[in-house]
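Novice: predicted model follows, preceded by the sequence.
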2 protein chains.
Amino acid sequence: MVEERPDPVAARGELLVRVRSAGLNSADMLQLRGHYPAPPGSPPDIPGMDLAGEVVATGPDAARFSEGDRVMAVVGGGAQAELATVHERGVMPVPDGVDWPAAGGLPEVFTTAHDAIFSQAGLRPGEHLLVHGAAGGVGTAAVQLGREAGARVTATVRREELRPRVEELGARVIAPEGFAEHGPFDVVLELVGAGNLAENLQAIATNGRIAVIGVGGSGPVSEINLLAVMGKRARIHGSTLRTRPLEEKAIAMRLVEKEVLPLFEAGRLEVPVAATFGLDEIVQAYERFQAGGNLGKIVLLP
Amino acid sequence: MVEERPDPVAARGELLVRVRSAGLNSADMLQLRGHYPAPPGSPPDIPGMDLAGEVVATGPDAARFSEGDRVMAVVGGGAQAELATVHERGVMPVPDGVDWPAAGGLPEVFTTAHDAIFSQAGLRPGEHLLVHGAAGGVGTAAVQLGREAGARVTATVRREELRPRVEELGARVIAPEGFAEHGPFDVVLELVGAGNLAENLQAIATNGRIAVIGVGGSGPVSEINLLAVMGKRARIHGSTLRTRPLEEKAIAMRLVEKEVLPLFEAGRLEVPVAATFGLDEIVQAYERFQAGGNLGKIVLLP
């Protein structure tokens, strides 16, 4: 449902952005269903974590960007609108060669994947990365980032028809059943759920790290044997990007600017986009998102 | 049971040490019962992870210590003997002012505690540390290390009669029941078991770390809700010292030499010793160890 709202104004340090593109994420879905309140300071009634657009006004002391610049951001909410205000520290430039649909689907998944596999799990060149649920937005980002970092990448993809595309992105793709026999893995990026936990602990190498980012597939609850964690000297990280304060999101985005955006400029990374919708087709967009089976992002183009 | 064995000889890089003191650890107990095989390269039939003694001979190229030096070590096994060979990189000097019983009970617990709360969990000054099972060897070490690092230390101790001694070491001591209400904690050192896991996740602060080192109290298995891990952006570490290769044990010991032993020389740390036994009283020593209820180490004095 699209509603009229008063135009927002850029406060100190902020930018007013005309939104050209806004990717859908599962957190939006949870928020719309009332399961996941908007973080403090974000509009509770406008969803959207991802946005890309043009700067149309700069607030006092905002100096990183100028009117007309193409920018993109991960925000706490409010991205699925015609205009949005964002703090300039929470914004990244859109790399040359990345079009609006891709730019609106880029920030959340690449920042989340980069933060999880490098800042948290400390993936190193030559290590073996396993991505569970690799056909999703964060999964396709993680497969590409792992490949570019010189890691060996294995990916589980449930839907057989999506496996060839994930293979093209640089992973050896396997079915989820019995994945442990393809290990050992140094880093596991968990995007499916707790159902994989016991087998993950069996499949990781000594000093292995498991980064848990999503549990929408098999749910959040499982049994854990701490002797398995001790025996592998393993680490289990859990994380979300959405609830972090501006300063922590900004740090993650500075790292993406430095370590990821140059790879987009060089044409080495892509944002798979499954479908685009206008802002007046938002209901259909969410239906398509919920139906699943897409490789790539669903993006709104206001 | 004490048996005669041929005297060992120091190989390249090794020291031959006349053992003066050897602390008992629960890993020895598990090994003696056949539940925990000796690590590769360690004598399968002589227990003991902790030793202190005098260097009686140096192998070729061993240059860090000389005959007569007082040394101590964490070894994979074989410490509970009259003579032991150890690689010089796996050995630390005994600090001035630390007597033989304390030196034989120092290496394993202080290296384990230091590695867990600093190298793994990254405890920082001003943070709040919770030590579960603080009356044990690793627990008393962790309480003191946390205090010296400028952390606020809370400790759970099951036996009421042991609480005053742990308080003297620098912790606010609480009963294990309902510990979460005394949080939030930035770092939890888990020495009791999986029974605390759900409440630990409830009790930790955002970005909290849980280091799991022991599960002998409530066992290794529990349910885990990964949404709780994600919501706190938490890390769960598991670790053992015993199974690490020499190079990793040596790194941990170099850090103890630099960051912990000077505090012993300054008289700021202590190794509580509950009781000492001769090598011919080893059966009684293990019985005392298993009976529990001790604050401090049980140490053999060969």
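Specialist: Alright, I've got the coordinates.

Novice: how about the closest residue to chain B within the stretch 51-200 of chain A, what does it touch?
Specialist: Using C-beta to the nearest C-beta, the single residue of the stretch 51-200 of chain A nearest to chain B is A:A194, 5.0 Å away. (C-beta placed from N, C-alpha, C; glycine too.) Neighbour list for A:A194: A:V215, A:S218, A:G219, A:P220, A:V221, A:S222, B:I224, B:N225, B:L226 [criterion: C-beta atoms under 8 Å, 6 or more residues apart in numbering or on different chains].

Novice: and the gap between the fifth one and chain B?
Specialist: A:V221 is 5 Å from chain B, where distance means C-beta to the nearest C-beta, to the nearest Å.

Novice: do you know how far that residue is from A:R158?
Specialist: 20 Å (C-beta to C-beta, to the nearest Å).

Novice: then the second one?
Specialist: In this structure, A:S218 and A:R158 are separated by 10 Å, where distance is defined by C-beta to C-beta.

Novice: what's the answer for the third one, then?
Specialist: According to C-beta to C-beta, A:G219 stands 15 Å off from A:R158.

Novice: those two: who's more crowded?
Specialist: A:R158 (17 against 14; other C-beta atoms under 10 Å in any protein chain shown).

Novice: what are the buried residues along stretch A:200-215?
Specialist: Residues of stretch A:200-215 classed as buried: A:200-201, A:203-205, A:208-215 (neighbour count, 16 or more other C-beta atoms under 10 Å in any protein chain shown).

Novice: nope, stretch A:69-89 is what I was after
Specialist: Using 16+ other C-beta under 10 Å as the test for burial, stretch A:69-89 gives A:69-81, A:83-89.

Novice: CA-only coordinates of it in CSV, if you can.
Specialist: C-alpha atoms of stretch A:69-89 as CSV (Å, rounded to 0.1, in the frame of the first residue of the first chain):
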residue,chain,number,x,y,z
ASP,A,69,25.6,12.2,-6.7
ARG,A,70,24.5,8.6,-7.0
VAL,A,71,24.5,7.0,-3.5
MET,A,72,23.3,3.9,-1.8
ALA,A,73,22.7,2.9,1.8
VAL,A,74,21.7,0.3,4.3
VAL,A,75,19.2,2.0,6.6
GLY,A,76,17.1,0.9,9.6
GLY,A,77,13.9,1.3,7.5
GLY,A,78,12.1,3.9,5.4
ALA,A,79,13.8,3.0,2.1
GLN,A,80,10.7,2.1,0.2
ALA,A,81,9.6,5.6,-0.5
GLU,A,82,10.1,8.4,-3.0
LEU,A,83,12.3,10.5,-0.7
ALA,A,84,14.5,9.4,2.2
THR,A,85,16.9,11.1,4.6
VAL,A,86,20.1,9.3,5.5
HIS,A,87,23.2,10.3,7.5
GLU,A,88,26.1,10.9,5.1
ARG,A,89,28.2,8.5,7.2
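
Novice: give me the mean pLDDT for that stretch.
Specialist: On average, the pLDDT along stretch A:69-89 is 89.

Novice: next one: it to chain centre, how far?
Specialist: Offset of stretch A:69-89 from its chain centre (C-alpha atoms, centre = their mean, to the nearest Å): 15 Å.

Novice: still on that earlier bit, restrict the buried residues of stretch A:200-215 to those near chain B?
Specialist: Among these, the residues lying close to chain B (C-beta under 8 Å from any C-beta of the partner chain) are A:V212, A:I213, A:V215.

Novice: could I get the residues you listed in TSV, plus columns for pLDDT and distance to A:E54?
Specialist: Formatted as TSV, these follow (pLDDT from 0 to 100; distance: C-beta to C-beta, whole Å):
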residue	pLDDT	distance to A:E54
A:V212	98	36
A:I213	95	30
A:V215	93	36
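
Novice: would you format the residues you listed as CSV with distance to B:E168 and secondary structure included?
Specialist: As requested, these are arranged in CSV below (distance: C-beta to C-beta, whole Å; DSSP: H, G, I helix; E, B strand; the rest coil):
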residue, distance to B:E168, secondary structure
A:V212, 40, strand
A:I213, 44, coil
A:V215, 44, coil
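
Novice: ok, so of these, who is nearest B:E270?
Specialist: In terms of C-beta to C-beta, no member of those lies closer to B:E270 than A:V212, at 40.1 Å.

Novice: correct me, but that closest one touches A:R235?
Specialist: No - contact between A:V212 and A:R235 fails when scored by C-beta atoms under 8 Å: they sit 10.9 Å apart.

Novice: what are the ranges of the helices in the stretch 151-300 of chain A?
Specialist: For the stretch 151-300 of chain A, helices defined by DSSP state H, counting those that start in this stretch occupy the ranges A:163-168, A:197-203, A:226-231, A:246-259, A:261-265, A:282-291.

Novice: quick one: the second one to chain centroid distance?
Specialist: Computed by C-alpha atoms, centre = their mean, the chain-centroid distance of helix A:197-203 equals 24 Å.

Novice: can you tell me the closest non-neighbouring residue to A:S26?
Specialist: The spatial neighbour of A:S26 that comes closest, neighbours along the chain excluded (C-beta to C-beta, 6 or more residues apart in numbering or on different chains), is A:G216 at 6.0 Å.

Novice: report the contact partners of that neighbour.
Specialist: Contacts for A:G216 (C-beta under 8 Å, 6+ apart) come out as A:S26, A:V192, A:G193.

Novice: quick check: the last one vs A:L226, distance?
Specialist: In this case it means A:G193. In terms of C-beta to C-beta, A:G193 sits 20 Å off from A:L226.

Novice: when these two are compared, which one has more neighbours?
Specialist: A side-by-side neighbour count of A:G193 and A:L226, using other C-beta under 10 Å, places A:L226 first with 25 against 21.

Novice: settle this for me: that one is touching B:V215, isn't it.
Specialist: Yes - contact criterion C-beta under 8 Å: A:L226 and B:V215 qualify, at 5.3 Å.

Novice: so the most centrally placed residue in chain A, which state does it fall into?
Specialist: Closest to where the C-alpha atoms of chain A average out (C-alpha atoms, centre = their mean) is A:V109, at 1.7 Å. Put simply, A:V109 is helix when judged by DSSP: H, G, I helix; E, B strand; the rest coil.

Novice: so what's the residue nearest to it when sequence neighbours are not counted up against?
Specialist: In this structure, A:V109 finds its nearest non-sequential neighbour in A:G137, 4.0 Å apart by C-beta to C-beta, 6+ apart. Applying C-beta under 8 Å, 6+ apart to A:G137 gives the contacts A:G23, A:N25, A:G105, A:E108, A:V109, A:G296, A:K297.
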